[in-house]
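Below is the structure, and that's it, no one-letter string:
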């Protein structure tokens with residue numbers, strides 16, 4: 001495999017100029033042993049909601065195996081109502097099909113939909129995805145519910161505590177000490193592992209061909225344009241998943257050019273600031289992803 005290191009310093013500078021440290025891996029889909037762009041590609045990174053890609057993979061596998069009827073309906077109850085977008089922020093219980101919950105999980109990063117699916121397919125099935133694809137640098141520690149429970153505990157709260165109120169009263173030191181923002185203490189992976197998973201989904205190696213197609217179709221419906229998509233011109237199709245936690249802003253996905261060539265790109269950033277809005281860091285994900293892919297297209 002040829003590593004395209006010539007562009008790595010330029011990409012590192014993109015991250016630094018935005019006020020962050022970045023970790024990136026990019027490769028062309030279906031080209032075994034081909035060129036790659038690597039910036040800390042084997043370093044452990046916090047997955048945040050990028051962990052939903054292996055959850056999605058386990059879900060489409062279960063559907064393909066006949067273990068789960070995607071049209072069957074289930075209820076998202078108050079247990080999962082932790083705030084945010086989609087059913088996680090609803091005021092009341094909501095009934096939906098499994099396939100609609102999978103769409104919510106990936107298109108808008110609905111945490112409640114994610115956890116309902118996670119508990120339905122089971123942690124063991126998700127771990128099998130990781131093992132089957134040889135993602136040795138990847139480990140999931142529960143779902144969104146478990147992640148937020150760890151944050152509440154770390155901030156001195158209990159089962160009745162309001163997460164937003166705990167964050168408002170927390171010091172910067174407390175937030176930076178959270179297990180959730182340290183790769184070795186939370187769900188983590190490496191950029192290379194994530195592009196390996198994406199390549200498997202786009203080459204029908206992660207599950208049956210129909211299951212992989214379903215996963216790709218769902219990932220293509222993500223609604224957030226401010227990170228990876230922001231760096232690519234019109235006409236380039238993007239199917240991806242974002243992830244966000246304090247200091248961490250991520251996105252991983254596949255970009256498809258009009259000539260049909262496809263590239264898996266995984267970008268993880270850790271900002272020096274705890275600001276809730278960091279448009280420069282968000283935009284750096286798209287700029288770095290575009291620089292990496294354009295470099296690969298010259299090789």
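Noted; the coordinates are in hand. The shown structure was predicted, so the numbers you read here are calculated from the model rather than taken from an experiment.

can I assume residue 214 sits in a helix?
Yes. Using DSSP: H, G, I helix; E, B strand; the rest coil, the assignment for residue 214 is a helix.

Around the nearest residue to it once chain neighbours are set aside, how many other residues sit close by?
Of all residues beyond its chain neighbours, the one nearest residue 214 is residue 60 (4.9 Å), with distances taken as CB to CB, 6 or more residues apart in numbering. (Each C-beta comes from the backbone N, C-alpha and C, glycine too.) Neighbours of residue 60 under the rule other CB atoms under 10 Å: 27.

Residue 60: which element?
Assigned by DSSP states H and E, residue 60 belongs to helix 52-64.

and that helix, what's its mean pLDDT?
Averaging pLDDT along helix 52-64 yields 98.

Packing partners of that helix?
The elements that helix 52-64 packs onto, with contact taken as 3 or more CB pairs under 8 Å, 6 or more residues apart in numbering; DSSP states H and E, are helix 98-107, helix 111-121, helix 123-132, helix 191-202, helix 209-219.

Could you dump these into JSON lines with mean pLDDT and distance to residue 253 added?
Formatted as JSON lines, the helices and strands packed on helix 52-64 follow (pLDDT from 0 to 100; distance: least, CB to CB, whole Å):
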{"stretch": "helix 98-107", "mean pLDDT": "98", "distance to residue 253": "10"}
{"stretch": "helix 111-121", "mean pLDDT": "98", "distance to residue 253": "17"}
{"stretch": "helix 123-132", "mean pLDDT": "98", "distance to residue 253": "17"}
{"stretch": "helix 191-202", "mean pLDDT": "98", "distance to residue 253": "7"}
{"stretch": "helix 209-219", "mean pLDDT": "98", "distance to residue 253": "7"}
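
in the chain, which residue is closest to the centre?
Residue closest to the mean C-alpha point of the chain, counted by CA atoms, centre = their mean, is residue 50 at 1.4 Å.

residues contacting the residue nearest to that one when sequence neighbours are not counted?
Spatially, and ignoring its direct neighbours in sequence, residue 50 is nearest to residue 243 (4.0 Å; CB to CB, 6+ apart). Listed by CB atoms under 8 Å, 6 or more residues apart in numbering, the contact set of residue 243 reads 46, 47, 48, 49, 50, 51, 109, 249, 250, 251, 252, 268.

Among those, which ones are in helices?
When DSSP state H is applied, these are split such that none fall in helices.

Top of those by number of neighbours, please.
residue 268 (34 neighbours).

Which strand residues bridge that one?
residue 23, residue 250 (DSSP bridges).

Hmm, residue 247 and it touching each other?
No. The criterion here is CB atoms under 8 Å, and residue 268 misses it with residue 247 at 10.9 Å.

what number of residues lie near residue 73?
For residue 73, using other CB under 10 Å, the count is 11.

With residue 128 as the reference, measure out to it.
26 Å (CB to CB, to the nearest Å).

circling back to that earlier point, now the angle from the host helix or strand of the residue nearest to residue 50 to helix 98-107?
Assigned by DSSP H and E, residue 243 belongs to strand 237-245. With axes from the mean of the first three to the mean of the last three CA atoms, to 10 degrees as the basis, strand 237-245 and helix 98-107 are set at 80 degrees to each other.

CSV for the contacts of residue 243, including distance to residue 154?
Output for these, formatted as CSV (distance: CB to CB, whole Å):
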residue, distance to residue 154
46, 14
47, 18
48, 16
49, 19
50, 21
51, 19
109, 22
249, 20
250, 21
251, 25
252, 26
268, 21
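
for those, which one is nearest residue 234?
Nearest to residue 234, judged by CB to CB, of these is residue 251 at 18.4 Å.

from memory the closest one sits against residue 239, does it?
No. Look at residue 251 against residue 239 with CB under 8 Å: they stay out of range, at 11.1 Å.
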